[in-house]
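Undergrad: what follows is a predicted protein model with its sequence.
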Amino acid sequence: QSIAEDNSGKLWIGTFGGGINIFDRTKQTFTHFRNNPNDPSSLGDDNVITVFSDSKNGMWFGTTMGLCRYYRETKSFKTYREKDGLANDFVYGILEDNNGFLWLSTNKGLSKFDPKNETFKNYYYNDGLQSNEFNQNAYAKDFITGRLLFGGLNGFNVFHPDSLLENEYIPPVAFTNYLRYNTDDEEGKPIFEKGISKRDSLFLTYKDNIVTLSFAALSFLNNRENQYRYKLEGFNENWIRLGNNHTVTFTNLSPGEYKLRVIGSNNDALWNENGTSLFIHVAPPWWKTNIAYGIYIAALFSFLYGVRKFEINRREQKTKLRENELRLKATEAEKRAIQIESDRKTKELEEARQLQLSMLPKELPNLPNLEIAAFMRTATEVGGDYYDFIVQENGVLNVAFGDATGHGLQAGTMVTLMKGFFTSDSSKLGLQEFMSHCSQVIKDIKLGRILMSFSYLKIENNKLLVTSAGMPPIFYYHNESNEIEEIIIQGMPLGAMRNASYKLVEKELKSGDTILLLTDGLPEQMNKKEEMFDYSNVKKHFNAIIENSPNAIIEKLVEAGDIWMDGRSQDDDITFVIIRVK
């Protein structure tokens, strides 16, 4: 595929499938380097497309799995990939400019690499490239002018690296749009609020159960590459990356004070760390206000005063012996009442748990091309987690996965309703039609604040169709690239809007690909330090145990959650479904 000579006269030969061969012309001998999956310091990939020796006699290799760097002192390699900032793992060509930076043509853009700081700067079609895809062996350097040439599908690009100026403008960040949904609105229509860019605070009531805010980094040079992060102080102290998505949605915020902070960058990843902020006050219902609590306290003191007065009068009328007997009887009666109430609550929770578990499939589908595992552990106060499977006569697998708002019998009622929808309508309607139909019917039933977050998957042969309504991200492991993708589908929970629409995502399944569905039980579980487990921790553990069977993966995720809780009671139902392509 490619040959380069170092300053000692040795030839470095890159092969497709055979790694690197080094030929010593003096000794007439070969040395070989290959990829070893068990050794992270080995050559990153045996498919070597191009070999390059830089001005400092450093050896670089473009492969189908990223850029590899060779260290002579340790005879080891280091591989840089998309997760490290590279535009794409398929590296076609490598050139060095007069300042010592490496330029890499890939299958999805052009990357500038700083070997000293190990950082990447990427350029794409919107920056002026002939296309995002380049060709093998189509690159050269004009050593007289210092210009670099790279060829691709739609011609070639010629440029001098010193002429490419960085966008040094730090963009201000501003809120641009604000809408909310109020449970008093029977139609479930959004309420658009004007003037959000001029506000520094929002006042919400407990009936504003869904709030959506949009924002923008005001840099208009290739602004589709602008990036965003946010955190809601008072709820989550960690910065959450949004990529180029500039909208956040919050549902059912608890009464209290919050501060929403948003920061953004321009297209060259120059961040405005100050960003913008918005104070959000969520007012409690009237029965939880300070005035209401004052009334409760006054009533309590009045009651205690009456009891005290009654006791004094009774002592004056009865003997001490009779008084003690009556007090003993009252105490015993109180204990019995407390026990009866405790037994009633325990029975109600158990009935809710049995109702929820009865909605789950009695056995998992046994399909020749898929390996399926599922797990649910309910919390003390039963939530509304639900999963189900239907295999059609043509072998198509339908998967339901959801989480109802609320707890106990209310959540169980919503799960029962969704069980009926899924059983009767999933095989008749398309994914988006099914979701819209369910949302409309739930809204018409008028269940109030009870909603259903829901994901619906359909697997037919090697094709995956998926849509989602208010659910956590779906973690999709690509076996071929050894990468985990977060599939985030934004959509209103079922029952929030009558005429809701839902996005459909399609994936081509390949052998070894693995899908992880989960509710928010584990990611939002707190430990004794009031720290949240978080989705990044789920992704980290999933990546570390991906080689295990689906059942073993679930066992290790549950074990990681138990270690995190360290004896703390489970806050919400924890549910997983894992599907692996054989």
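TA: Yep, it's here. Residues are numbered from 1 along each chain as shown.

Undergrad: for residue 302, which three-state class applies?
TA: Secondary structure assignment for residue 302 (DSSP: H, G, I helix; E, B strand; the rest coil): helix.

Undergrad: I'd like the distance between it and residue 122.
TA: As for residue 302, its distance to residue 122 is 71 Å (criterion: Cβ to Cβ, to the nearest Å). All C-beta atoms are positioned from the backbone trio N, CA, C, and that covers glycine.

Undergrad: do residue 209 as well
TA: Computed with Cβ to Cβ, the distance linking residue 209 and residue 122 is 40 Å.

Undergrad: kindly report the same for residue 269.
TA: 9 Å.

Undergrad: equivalent analysis for residue 21, please.
TA: Applying Cβ to Cβ to residue 21 and residue 122 gives a distance of 31 Å.

Undergrad: about what we covered before: of residue 269 and residue 122, who's got more company?
TA: Counted by other Cβ atoms under 10 Å, residue 269 and residue 122 do not tie: residue 122 has more neighbours, with 21 against 16.

Undergrad: which residues touch the more buried one?
TA: The contact partners of residue 122, taken as Cβ atoms under 8 Å, 6 or more residues apart in numbering, are 85, 86, 87, 109, 110, 111, 112.

Undergrad: can you lay out these as JSON lines showing distance to residue 222, pLDDT and secondary structure?
TA: Converted to JSON lines, the contacts of residue 122 look like this (distance: Cβ to Cβ, whole Å; pLDDT from 0 to 100; DSSP: H, G, I helix; E, B strand; the rest coil):
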{"residue": "85", "distance to residue 222": "17", "pLDDT": "89", "secondary structure": "coil"}
{"residue": "86", "distance to residue 222": "19", "pLDDT": "94", "secondary structure": "coil"}
{"residue": "87", "distance to residue 222": "15", "pLDDT": "93", "secondary structure": "coil"}
{"residue": "109", "distance to residue 222": "13", "pLDDT": "94", "secondary structure": "strand"}
{"residue": "110", "distance to residue 222": "14", "pLDDT": "96", "secondary structure": "strand"}
{"residue": "111", "distance to residue 222": "16", "pLDDT": "95", "secondary structure": "strand"}
{"residue": "112", "distance to residue 222": "16", "pLDDT": "95", "secondary structure": "strand"}
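
Undergrad: out of those, who has the most neighbours?
TA: residue 110 (26 neighbours).

Undergrad: which residues in this structure form helices?
TA: Shown for the chain, the helices assigned by DSSP state H span residues 290-317, 320-358, 408-425, 431-445, 535-544, 550-565.

Undergrad: lowest-confidence stretch among those?
TA: Set side by side, the helices of the chain differ in mean pLDDT, and helix 320-358 is lowest with a mean of 70.

Undergrad: thinking again about what came up before, what is the nearest of the contacts of residue 122 to residue 133?
TA: Looking at those and their distance to residue 133, the nearest is residue 109, at 8.7 Å (Cβ to Cβ).

Undergrad: beta-bridge partners for the closest one, please?
TA: Beta-bridge partners of residue 109, counted by DSSP bridges, are residue 106.

Undergrad: in contact with it, which residues?
TA: By Cβ under 8 Å, 6+ apart, the contact set of residue 109 is 87, 88, 122, 123, 124, 125, 129, 132.

Undergrad: tell me, what residue is most central in this structure?
TA: The chain has residue 473 as the residue nearest its centroid, 4.2 Å off, counting by Cα atoms, centre = their mean.

Undergrad: and the closest residue to it other than its chain neighbours, what are its bridge partners?
TA: Distances taken as Cβ to Cβ, 6 or more residues apart in numbering put residue 486 closest to residue 473, at 4.3 Å, once the chain neighbours are dropped. When bridges are called by DSSP bridges, residue 486 pairs up with residue 475.

Undergrad: residues contacting residue 29?
TA: When contacts are counted by Cβ under 8 Å, 6+ apart, residue 29 is found next to residue 23.

Undergrad: beta partners for the closest residue in space to residue 254 that isn't next to it in sequence?
TA: With sequence-adjacent residues excluded and distances taken as Cβ to Cβ, 6+ apart, residue 254 is closest to residue 282, at 6.8 Å. The residues paired with residue 282 through beta bridges, assigned by DSSP bridges, are residue 204, residue 256.

Undergrad: quick check, residue 282 in contact with residue 250.
TA: No - applying Cβ atoms under 8 Å, one finds residue 282 not in contact with residue 250, separated by 9.6 Å.

Undergrad: please enumerate the shared neighbours of those two.
TA: Once Cβ under 8 Å, 6+ apart is applied, it turns out that residue 282 and residue 250 contact no residue in common.

Undergrad: okay, now the unreliable bits of the chain?
TA: Applying pLDDT under 70 to the predicted model, the residue ranges of the chain that meet it are 185-188, 337-338, 340-356, 382-383.

Undergrad: circling back: now, the contacts of residue 109 that are in strands?
TA: Restricting the contacts of residue 109 to those inside strands, with DSSP state E as the criterion, leaves 122, 123.

Undergrad: buried ones among the contacts of residue 109?
TA: 87, 88, 122, 123, 124, 129, 132 (16 or more other Cβ atoms under 10 Å).

Undergrad: from residue 82, how far out is the third one?
TA: Remark: distance between residue 122 and residue 82 (Cβ to Cβ) = 10 Å.

Undergrad: likewise for residue 220?
TA: 27 Å.

Undergrad: higher neighbour count, these two?
TA: residue 82 (19 against 12).

Undergrad: check contacts around residue 159.
TA: Taking Cβ under 8 Å, 6+ apart as the criterion, residue 159 is in contact with 147, 148.

Undergrad: if we use 10 Å, what do you get?
TA: Applying Cβ atoms under 10 Å, 6 or more residues apart in numbering, we find residue 159 in contact with 97, 103, 110, 123, 128, 129, 147, 148, 149, 150.

Undergrad: same deal with residue 21?
TA: The neighbourhood of residue 21, defined by Cβ under 10 Å, 6+ apart, consists of 3, 11, 12, 13, 14, 15, 30, 31, 32, 33, 34, 48.

Undergrad: cool, residue 495 as well?
TA: Under the criterion of Cβ under 10 Å, 6+ apart, the neighbours of residue 495 are 188, 404-405, 414, 417, 438-454, 469-470.

Undergrad: from those, list just the buried residues.
TA: Using 16+ other Cβ under 10 Å as the burial test, the contacts of residue 495 include 188, 404-405, 414, 417, 438-443, 447, 450-454, 469-470 as buried.

Undergrad: now residue 432: how far from residue 372?
TA: In this structure, residue 432 and residue 372 are separated by 24 Å, where distance is defined by Cβ to Cβ.

Undergrad: same question for residue 394.
TA: Counting by Cβ to Cβ, the separation of residue 394 from residue 372 is 18 Å.

Undergrad: in terms of neighbours, single out the busier of those two.
TA: Set residue 394 next to residue 372 and count neighbours by other Cβ under 10 Å: residue 372 wins out with 18 against 8.

Undergrad: now that one. Nearest residue, chain neighbours left out?
TA: Nearest residue to residue 372 in three dimensions, chain neighbours excluded: residue 364, at 4.9 Å (Cβ to Cβ, 6+ apart).
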